[in-house]
Every structure is written in structure tokens, then in C-alpha cells.
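A.B. asks: Kindly generate the corresponding structure for this input.
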Amino acid sequence: MKSHILIIGAGGMARAIAYDLHNREPHYPLIILDRDEEALHRLSEFLGDSADVKTVCGDASDLNLLQEMMPSALAAVGAASYTLHHDASAIAIHEGSHWVDLGGNPTVVQRQFHLHPKALAAGVSVIPDAGLAPGFVNIVGGAIAARLDEIDELHFRVGGLPQFPKPPLFYGLVFSAEGLANEYHEPAWVIEEGEAREVESLTGWERIHFGAPLGTLEAFHTSGGASTMIETFHGKVKTLDYKTLRYPGHLRKIKLLGDLGFWGDDRIEVADFEGGLCATTPRAVLGKLLERQGWVKEDLIALAAWGVGKKDGKNKRIDVRMTDYYDAATGLSAMARTTGFPAAILVRMMVEGVITARGVLRQETSVPYEAVFNALAERGVTIKTEERDY
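C.D. replies: The predicted structure follows:
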């Protein structure tokens with residue numbers, strides 16, 4: 001009998017997902033799987049050592065273990081490495097469990113969409129790429145599109161930033177170095193003059209003004225943020241782009257690291273202090289150095305999205321803004337809140353029948369955006385929407 005939610009991963013994003021599912025009504029029993037016993041212990045303590053929360057120390061890449069755990073799950077959430085998501089979602093479909101994951105790699109997501117016929121036949125909903133961007137930003141895109149009769153342009157600018165930036169990069173990790181490397185190194189997709197095309201990440205620099213206290217930020221192309229929206233809106237809009245927000249000066253420095261090859265993943269041999277050789281990748285080294293700089297505790301999320309088109313025969317512009325901050329009361333980062341809370345809300349909507357579509361779903365077309373916005377407002381995450389003549 002299906003009775004609980006399975007969460008794969010015990011890191012910062014999983015913490016917010018578990019917090020929401022455990023503390024808000026209705027409460028759901030949880031089973032949390034991770035190979036890091038200490039991370040499981042910290043998460044269990046954070047949730048209050050409840051009888052409704054069980055932890056399992058194990059490797060989620062062990063498909064036999066997942067096949068044992070999945071049949072009793074109402075739904076499962078992938079909040080660990082994106083490398084696990086395809087196989088884990090396939091198992092969820094086979095066992096009749098809904099699935100949500102935080103994404104992280106466009107190629108993996110494309111493979112998951114090939115599972116659509118099986119998910120449809122199994123009568124389950126599968127939502128990949130349900131992080132912040134991609135993820136919540138796709139729901140924002142659907143909200144903007146729903147308010148226009150015709151759409152000419154869609155633009156998305158999102159960034160996870162330290163509240164108190166420090167040199168040299170004016171940035172610190174708010175999510176995994178692995179995910180950041182994908183964003184900065186892999187190509188991005190845009191729609192220009194009605195055609196979908198690939199562009200190089202770390203290009204397309206521009207300024208965007210957020211007002212006090214953030215002031216002016218810089219934005220540039222990064223990989224994966226638009227996710228399925230490129231295909232969804234191809235042929236419907238003239239322009240669609242996604243760019244990452246950073247404090248001024250960050251791009252110039254991170255671009256230098258890229259030009260030197262530090263985002264590459266080709267293995268190289270380097271000499272150790274004893275004269276031997278060890279094999280590694282520049283990306284792995286840079287990731288470790290970024291982690292050594294420290295994770296950001298007091299972070300913020302800035303989101304600006306806008307669409308231009310026609311409504312009732314008039315030219316209109318729809319603006320959506322969101323700014324969220326680290327919550328000292330819960331210890332949840334802004335990145336965890338704006339990533340984990342939407343994912344938890346989607347799980348609830350699947351289990352409770354609010355999301356009725358089955359198969360592998362696109363959030364911009366299958367998720368009721370007003371219900372998500374309202375649920376986030378209940379959690380203290382406010383989305384501001386403005387419509388004006390253009």
C-alpha cells in the first residue's frame with residue numbers, strides 16, 4: 001500500500017522539501033534516502049526526529065534498492081545528482097508513483113520525456129526540471145503567456161546571490177558546484193526572430209536594475225534555464241531568452257576562468273608532491289576551490305520576468321518579480337525556499353489530484369500557476385505581477 005513520500009537526497013534543497021511536506025497540512029510520512037549518514041542525521045534532527053520521518057542510508061544509484069523502496073511511495077522527489085533522475089523516474093513510473101525532480105541537465109531531461117508513453121499508460125505524473133530555473137521560472141512563463149492573447153517576447157532573469165558579496169567573484173555557492181559548472185559551460189538555447197538556436201553561455205551581457213537594495217545587476221546567457229519553454233513556445237514567440245543574474249564584475253572574472261579551461265571536463269594528469277601522477281578534470285578542481293571558499297548562508301534570490309504581446313487588441317507588457325531572502329527562523333536559504341517549496345507544492349498537487357494531467361509534463365502548460373503562486377505566498381514567498389500598456 002502506498003503511504004509516504006520518498007525523497008532522494010538529504011542536502012539543502014531536500015531539507016526545504018522535507019520541511020514543507022512534514023510541517024504543513026496535510027502532513028505526509030517521509031522516507032529520505034541518501035548515502036551520507038551524517039547528512040541524514042542532520043536532516044532528521046532538523047525535522048524533530050519524528051516517527052513519521054524515516055531515513056535510509058544507501059546509494060540511490062543502486063537500482064535494486066530503489067526498486068525495493070518505490071512501490072510504497074505515493075510520489076518520489078529527486079533532490080540529489082541529476083545523473084540519477086532518468087533511471088529513478090523510470091522506476092517510479094513502473095511502480096505507479098508520481099515523480100518530481102530538481103533537474104540540472106538538459107540531456108537527462110530530454111531522455112525523461114521519452115518516458116512519456118509509459119507514464120501515461122501507468123497513470124502517473126512526472127515533472128522533471130522542477131527546480132528554480134528551470135522549474136519555477138517555467139511556471140512563471142506559463143503565467144505570463146496565459147495573460148496575453150498573442151506573445152511576441154518572453155524574457156527571464158534569475159540569480160541566487162549572497163546578501164553580502166565578497167571578492168574576488170562577488171559570489172558564493174548557493175547550490176552544487178556541479179550544477180553551476182553545467183550552467184556556465186554547456187550551451188544555452190534561445191528563440192531569436194522566431195527561430196530556436198544555440199548560443200554560447202557567458203555571452204549576451206546586459207544590465208538590469210532591480211531598485212533598492214539590490215541596485216544594478218548584470219545578466220548573461222547560461223545553460224538550461226529555459227528548459228522545455230524553447231520547444232513549447234517555438235513558433236509562438238519571436239524572442240525568448242533566459243539569463244543568470246550576478247553582481248557587476250562577476251562575468252568578467254568567471255569568463256577568464258572559462259577561457260583558461262577551468263570549466264572543462266576532459267581528464268588531465270597532474271603531478272603530486274611525491275612525483276606521482278593523478279588524473280582529474282579542471283572542472284573538479286575548480287568545484288573544490290569554490291567549495292573551499294564556503295557556501296553562502298545568508299543568500300537571496302532575485303527573479304525578473306516579462307512578456308510583451310497583445311491582449312484585447314492592445315499592446316501589453318506583463319512583469320513578474322520575486323525577491324526572497326534567507327530565513328533565519330528556519331535556517332532555510334532563499335535558494336532552498338524557492339527551489340524546495342515549489343517542488344513540494346507540485347508533489348502535493350499530484351498526490352491530492354490538483355494536477356490531473358498524466359505523463360511527463362511541461363510545467364509551463366500543465367501546472368496551475370495561480371495555485372502555485374498562492375501556495376508560495378502562504379509560505380512567505382511573494383510574487384508580484386504587473387500589467388501595463390506597452
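A.B. asks: Quick check: beta-bridge partners of Thr55?
C.D. replies: Ile32 (DSSP bridges).
A.B. asks: got it, and Phe156?
C.D. replies: Tyr242, Ala305.
A.B. asks: so what are the domain limits for the protein?
C.D. replies: Following the assignment in automatic domain parsing, the chain carries domains at 4-128, 136-332+381-389.
A.B. asks: Point out the one among these that comes closest to Met350.
C.D. replies: Closest approach to Met350 among these (Cβ to Cβ): domain 4-128, 4.2 Å. For the C-beta atoms, the positions are set from N, CA and C on the backbone; glycine is no exception.
A.B. asks: Quick check: mean pLDDT of the closest one?
C.D. replies: For domain 4-128, the mean pLDDT works out to 95.
A.B. asks: likewise stretch 153-163?
C.D. replies: Per-residue scores along stretch 153-163 average to 96.
A.B. asks: where exactly do the helices run in this structure?
C.D. replies: 12-23, 37-47, 63-69, 85-94, 106-113, 116-122, 136-146, 177-185, 229-233, 250-259, 282-293, 334-351, 363-366, 369-378 (DSSP state H).
A.B. asks: what's the closest of the ones you listed to Gly211?
C.D. replies: helix 334-351 (17.5 Å).
A.B. asks: so what does the closest one touch, helix or strand wise?
C.D. replies: Applying 3 or more Cβ pairs under 8 Å, 6 or more residues apart in numbering; DSSP states H and E, we find helix 334-351 packed against helix 12-23, strand 73-78, strand 98-101, strand 125-127, helix 136-146, strand 299-311, strand 314-325, helix 369-378.
A.B. asks: Please report the distance of the closest residue to Ala90 other than its chain neighbours from Ala122.
C.D. replies: Spatially, and ignoring its direct neighbours in sequence, Ala90 is nearest to Leu115 (5.9 Å; Cβ to Cβ, 6 or more residues apart in numbering). Going from Leu115 to Ala122 by Cβ to Cβ, to the nearest Å gives 10 Å.
A.B. asks: Give me the common contacts of those two.
C.D. replies: Common contacts of Leu115 and Ala122 (Cβ atoms under 8 Å, 6 or more residues apart in numbering): Ile93.
A.B. asks: Need the nearest residue in space to Gln67, chain neighbours excluded.
C.D. replies: Ile91 (5.8 Å).
A.B. asks: tell me, how many neighbours does Asp327 end up with?
C.D. replies: The number of residues packed near Asp327 is 16, by other Cβ atoms under 10 Å.
A.B. asks: my bad, Gly258
C.D. replies: 18.
A.B. asks: Let me know whether it touches Ala181 as I believe.
C.D. replies: No. Counting by Cβ atoms under 8 Å, Gly258 sits too far from Ala181 to count as a contact (10.1 Å).
A.B. asks: what is in contact with these two at once?
C.D. replies: With Cβ under 8 Å, 6+ apart, Gly258 and Ala181 have no common neighbours.
A.B. asks: ok so, going back, what's the closest of the helices of the chain to Asp312?
C.D. replies: helix 136-146 (14.2 Å).
A.B. asks: Buried residues, that closest one. List them.
C.D. replies: For helix 136-146, burial by neighbour count (16 or more other Cβ atoms under 10 Å) applies to Phe136, Val137, Asn138, Ile139, Val140, Gly141, Gly142, Ala143, Ile144, Ala145.
A.B. asks: and these as a markdown table, adding pLDDT and distance to Cys57?
C.D. replies: A markdown table is the format used below for the buried residues of helix 136-146 (pLDDT from 0 to 100; distance: Cβ to Cβ, whole Å):
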| residue | pLDDT | distance to Cys57 |
| --- | --- | --- |
| Phe136 | 97 | 30 |
| Val137 | 97 | 34 |
| Asn138 | 97 | 33 |
| Ile139 | 98 | 34 |
| Val140 | 98 | 37 |
| Gly141 | 98 | 39 |
| Gly142 | 97 | 38 |
| Ala143 | 98 | 40 |
| Ile144 | 98 | 43 |
| Ala145 | 97 | 44 |
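A.B. asks: Make a markdown table from the residues you listed and add distance to Val77 to it.
C.D. replies: Shown next, in a markdown table, are these (distance: Cβ to Cβ, whole Å):
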| residue | distance to Val77 |
| --- | --- |
| Phe136 | 15 |
| Val137 | 19 |
| Asn138 | 17 |
| Ile139 | 17 |
| Val140 | 21 |
| Gly141 | 22 |
| Gly142 | 21 |
| Ala143 | 23 |
| Ile144 | 27 |
| Ala145 | 27 |
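A.B. asks: need the contact list for Glu183.
C.D. replies: Glu183 sits in contact with Ser201, Thr222, Ser223, Gly224, Gly225, Thr244, where contact means Cβ under 8 Å, 6+ apart.
A.B. asks: and if you look at Lys255?
C.D. replies: Leu202.
A.B. asks: returning to what we had before: closest one to Ala51 out of the buried residues of helix 136-146, please.
C.D. replies: Once Cβ to Cβ is applied, the member of the buried residues of helix 136-146 that ends up nearest Ala51 is Phe136, at 31.8 Å.
A.B. asks: quick one: the closest residue in space to the closest one that isn't next to it in sequence and Ala329, what's the gap?
C.D. replies: Distance criterion Cβ to Cβ, 6+ apart; nearest residue to Phe136, sequence neighbours excluded, is Pro342 at 4.6 Å. Applying Cβ to Cβ, the value for Pro342 to Ala329 is 20 Å.
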